[in-house]
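A.B. asks: Here is a sequence together with a model predicted from it:
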Amino acid sequence: MVDGMEEKRQKTALITGATSGFGEACARLFIAEGWKVITTGRRKDRLAELRAEFGSACHTIVQDVRDHEMVKIDIENLPKEFNTIDLLVNNAGLALGLEPSHKASMDDWETMVDTNIKGLLYYTRYVLPGMVQRNSGHIINMGSVAGNWPYPGGNTYGATKAFVKQFSHNLRSDLKGSNVRVSNIEPGLAETEFSVVRFHGNQAKADDFYNGTQPLSGEDIANIVYWLATQPPHVNVNRIEVMPVCQSCGPFQIHREQDS
Ligand code: NDP
Ligand code: 8X3
């Protein structure tokens with residue numbers, strides 16, 4: 001059941017990392033469905049384009065999710081028309097590198113931890129009290145299949161997404177007796193700017209990664225986020241894992257002496 005149009009118009013979503021990929025597709029869909037949307041990201045030009053396109057339905061905050069103080073200040077100082085957040089989509093995040101753990105960059109590891117874990121914690125901690133007070137709201141976290149299944153080079157990225165999954169479950173435990181909902185989405189292969197970022201700007205390598213596949217798109221994920229957000233208020237989808245049909249799990253790997 002989808003909410004009535006008048007009620008939807010009054011709803012506000014805060015979507016982190018809305019300058020590309022899943023976040024941008026979510027912003028576009030929610031605005032098209034009559035929501036007001038707060039979009040965040042570091043790329044000022046991308047946010048300005050959204051604001052120019054959507055006008056008063058879109059409030060933008062140029063922000064690095066790793067900046068604890070600024071996240072707190074920005075949330076405390078939202079304009080009146082946007083300060084009742086019905087939905088927080090903790091989407092901003094990234095993978096950096098595919099090197100094995102003994103060769104990976106410590107800087108990359110720290111950036112993933114600071115963004116995917118700590119940034120998500122800051123937003124959650126500062127948005128949640130208002131939701132609890134109103135006894136209404138929904139937090140949708142962007143996990144990954146990488147938080148469920150190991151793969152070579154997934155090391156710290158996958159571990160950050162496993163954190164996101166467990167944190168989502170633990171939030172639900174804390175919210176016993178409240179109507180605030182929490183869901184974790186766990187997508188697999190999806191073509192966004194994700195791989196260009198992972199390969200440190202190497203577009204050819206990113207293109208090659210998707211070559212011959214039909215990956216998920218930003219719109220596929222936005223449709224799922226919207227479906228989760230518009231379930232009847234008594235329904236909480238805890239987790240949803242989604243892959244493109246072309247992706248599936250492989251067998252356990254076994255190293256044999258003759259391999260080396
Ligand atoms: P994109 O690279 O297209 O989008 C990532 C978004 O996160 C951008 O808007 C970027 O904004 C934002 N972001 C990254 N770092 C920061 C930061 N420090 N501060 C603020 N914003 C930041 O990738 P996706 O859309 O694919 O990724 C979105 C989420 O989905 C991530 O959490 C990712 O881990 C997850 N995911 C992606 C999958 C995929 O295969 N694509 C599959 C499963 C999960 P800006 O650069 O402007 O700051
Ligand atoms: C992104 C999906 O499989 O590249 O989270 O880790 S994967």
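C.D. replies: Nice, I can see it. Ligands and ions are numbered 1, 2, ... in the order given.

A.B. asks: Let's verify Asn141: helix, strand, or coil?
C.D. replies: strand (DSSP: H, G, I helix; E, B strand; the rest coil).

A.B. asks: Say whether ligand 1 is contacted by stretch 190-207.
C.D. replies: Yes - using C-beta under 6 Å from any ligand atom, stretch 190-207 reaches ligand 1 at Ala190, Thr192, Glu193, Phe194, Val197. Backbone N, C-alpha and C define where each C-beta goes, glycine included.

A.B. asks: May I ask which two of those residues are separated the most?
C.D. replies: Maximum pairwise distance among the residues of stretch 190-207 next to ligand 1 (C-beta to C-beta): 12.7 Å, between Ala190 and Val197.

A.B. asks: between those two, who's got more neighbours?
C.D. replies: Taking other C-beta atoms under 10 Å, Ala190 and Val197 do not tie; Ala190 has more neighbours (21 against 16).

A.B. asks: In this structure the more buried one contacts Glu219, no?
C.D. replies: No - applying C-beta atoms under 8 Å as the test, Ala190 and Glu219 come out as separate, 10.2 Å apart.

A.B. asks: how about low-confidence regions in the stretch 51-200 of the chain?
C.D. replies: The stretch 51-200 of the chain contains no residues with pLDDT under 70.

A.B. asks: Which stretches in it count as strands?
C.D. replies: Here the stretch 51-200 of the chain has its strands, by DSSP state E, counting those that start in this stretch, at 58-62, 87-90, 138-142, 181-187.

A.B. asks: Pick the most buried one from the ones you listed.
C.D. replies: Mean neighbour count (mean count of other C-beta atoms under 10 Å) peaks for strand 87-90 among the strands of the stretch 51-200 of the chain, with a mean of 27.

A.B. asks: Please save the CA atoms from that one in PDB.
C.D. replies: Only the C-alpha atoms of strand 87-90 are listed here, as PDB (Å, rounded to 0.1, in the frame of the first residue of the first chain):
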ATOM      1  CA  LEU A  87      13.500   8.900   6.300                       C
ATOM      2  CA  LEU A  88      17.300   8.800   6.600                       C
ATOM      3  CA  VAL A  89      19.100   6.900   3.800                       C
ATOM      4  CA  ASN A  90      22.600   6.300   5.000                       C
END
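
A.B. asks: partners of it in the sheet?
C.D. replies: The strands that strand 87-90 pairs with in its sheet are strand 12-15 (parallel), strand 138-142 (parallel) (by DSSP bridges).

A.B. asks: can you give me the offset of it from its chain's centre?
C.D. replies: 8 Å (C-alpha atoms, centre = their mean, to the nearest Å).

A.B. asks: what do you get for stretch 119-130?
C.D. replies: Relative to the centre of its chain, stretch 119-130 is centred 14 Å away, using C-alpha atoms, centre = their mean.

A.B. asks: residues making contact with it?
C.D. replies: Residues from elsewhere that reach stretch 119-130, judged by C-beta atoms under 8 Å, 6 or more residues apart in numbering: 14, 16, 65-66, 68, 71-72, 75-76, 83-85, 88, 90, 92-93, 137, 139, 141, 164, 167, 171, 180.
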